[in-house]
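>>> Quick one, structure for this:
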Amino acid sequence: MKYIFSGALFIEVSLGWDLYVSTVVLLAVTALYTIAGGLTAVIYTDALQTVIMVIGAFVLMFIAFDKVGWYEGLLVQYERAVPAITVPNTTCHLPRSDAFHIFRDPVTGDLPWPGLIFGLTVLATWVWCTDQVIVQRSLSAKNLSHAKGGSVLGGYLKVFPMFFIVMPGMISRALYPNEVGCVDPEECMKICGASVGCSNIAYPKLVMELMPVGLRGLMIAVMMAALMSSLTSIFNSSSTLFTMDIWQRIRPRASERELMVVGRLFILLLVALSIVWIPIIQTANSGQLFDYIQAITSYLAPPITTVFIMAIFWGRVNEQGAFWGLMVGLVVGTVRMVMEFVYSTPSCGEEDLRPALLKDVHYLYFALILLALTALIITAVSLCTAPIAEQHLIRLTWWTRHSKEERVELEDPWARGSDPSTTESEGSDEDTPAWWKRAGMWLCGLSHAAKQEMSEEERQALERKLTSIEEDHTWKIVCNVNALILLTASVFLWGYFA
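Just a heads-up that it's a prediction; the model follows:
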């Protein structure tokens, strides 16, 4: 939802379209090629769009820094970025004194440093290790070295937003304080349609004001590429989760063709839900989209992170413990999230009447509390119920990942039946469907060609290849060395801006 809102907002600012018209256009184009192309189309378009994004953001960064007098000029001008219209007897119009520091006060800071270090680590573990968008791409890699290399490249690209997005956003506040830094609710409504602030328009405002006409078109293409890239990833991954984890539970013997169609229809459902969610994002978290993203993640991600870490490193965790830990954690997180929407963030000058859980407990601290609560539930329930036999855990935990023993699979009560007489027919290869049916099959990524059957030996060989974590020695060293370089650069940047 966050990507849809930010994309629609950019279109609204740059082209002057209505927010909902922008949303529908963005969703329609994205859903079309996601439905038709599937994961293959998503990955190829992501790779191409990444190049466009980096080039466009790099150009805007140089233009913006040149306009403000580079980093030294930004330090001076940002402190003076005060809007002309302020709210009497308040200080919310003043730029934060700790704006150029990553480590901020643990109590009064908008991003307290303990939460930044430990809370964001919880969220980052969820994203990089369990988020279906990342997991699906890692599992689609040819081998482990490809998967590691992709993650390291993603890590390098993650360094850029500090200079491509964050600092240009601050430059936008310095250059256009009346619009980007507005605090008066009535004035903010006139500028951006949100009474709690207009910081969300900082980047598109910079693009429209500073970029020449030709480069402005490039930046619009860059933003659309970035947002559509994220949307296609989310749509495709969500449809996979729904079909494999939910629909197959409802219809265990559903054919592959049915699963493909259901997945495409689920994307359309996501499109509709996304449009309905737009007004909620507009008023959430002081109008700051970044805060909204991190807050929602802090309420829902910690239980998943806890289950993942404990299951990998502690073989005593069982299904009952993981299930109840996840359920309790998600319920508690959802309660906090609902409260966040019910008790909206007050505008500048308004009294903060929210409950103490919202007002005094930062969302990054809440993520740590939720992590501890989920871990406690998982531990208690797992120790009170029967453990999983070690023969079922081979190569599924950190300690057994290199084991050569044969793993005995747990019996899956939801497994699809293999009896041909009970499985739905995929259709006869001899029958040629009507043109409209063939067009629908093509749109859903289905082929009428018969599948080539594999022998049991071929199937086992393919499974061994797909599950192998062996690496070529040269590429293993390349990936590991780059990971160390990235870690070193990240620690330096953290220390420099601390």
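
>>> Going by C-alpha atoms from here, please, whenever you check contacts or count neighbours.
Will do.

>>> Which strand or helix spans residue 90?
Residue 90 is part of no helix or strand, with elements assigned from DSSP states H and E.

>>> Next, count neighbours for the closest residue in space to residue 400 that isn't next to it in sequence.
In this structure, residue 400 finds its nearest non-sequential neighbour in residue 394, 5.5 Å apart by C-alpha to C-alpha, 6 or more residues apart in numbering. The tally of other residues near residue 394 (other C-alpha atoms under 10 Å) stands at 20.

>>> Residue 394 and residue 403 touch, don't they?
Yes: the criterion here is C-alpha atoms under 8 Å, and residue 394 meets it with residue 403 at 6.6 Å.

>>> From residue 162, how far off is the closest residue to residue 159 other than its chain neighbours?
Closest residue to residue 159 apart from its sequence neighbours, by C-alpha to C-alpha, 6+ apart: residue 490 at 7.5 Å. Shown here: residue 490 relative to residue 162, a distance of 11 Å by C-alpha to C-alpha, to the nearest Å.

>>> who's more crowded, those two?
Using other C-alpha under 10 Å, the more surrounded residue of residue 490 and residue 162 is residue 490, with 16 against 12.

>>> now the helix or strand harbouring the more buried one: how far from the chain's centre is it?
Assigned by DSSP H and E, residue 490 belongs to helix 473-497. Here helix 473-497 is found 23 Å from its chain centre; the criterion is C-alpha atoms, centre = their mean, to the nearest Å.

>>> list the helices and strands it packs on?
The contact analysis (3 or more C-alpha pairs under 8 Å, 6 or more residues apart in numbering; DSSP states H and E) places helix 473-497 against helix 144-159.

>>> buried residues in the helix it packs on?
Using 16 or more other C-alpha atoms under 10 Å as the test for burial, helix 144-159 gives 144-152, 155-156.

>>> how about low-confidence regions in this protein?
Counting by pLDDT under 70, the low-confidence segments of the chain come to 1-42, 193-194, 218-219, 221-236, 274-289, 412-452.

>>> do you know how far residue 466 is from residue 148?
Shown here: residue 466 relative to residue 148, a distance of 15 Å by C-alpha to C-alpha.

>>> repeat for residue 61
Taking C-alpha to C-alpha as the measure, residue 61 falls 29 Å from residue 148.

>>> and what of residue 301?
Going from residue 301 to residue 148 by C-alpha to C-alpha gives 23 Å.

>>> what's the answer for residue 135, then?
Going from residue 135 to residue 148 by C-alpha to C-alpha gives 12 Å.

>>> Which of the residues in the helix or strand containing residue 300 are classified as buried?
Using DSSP H and E, residue 300 sits in helix 289-313. Buried residues in helix 289-313, counted by 16+ other C-alpha under 10 Å: 289, 291-312.

>>> next one: the helix or strand just after that helix to chain centre, how far?
Following helix 289-313 in sequence order, the next helix or strand is helix 319-342 (DSSP H and E). Helix 319-342 sits 19 Å away from the centroid of its parent chain (C-alpha atoms, centre = their mean).

>>> what about residue 175, how many neighbours?
If you count neighbours by other C-alpha under 10 Å, residue 175 ends up with 23.

>>> Understood, closing this out.
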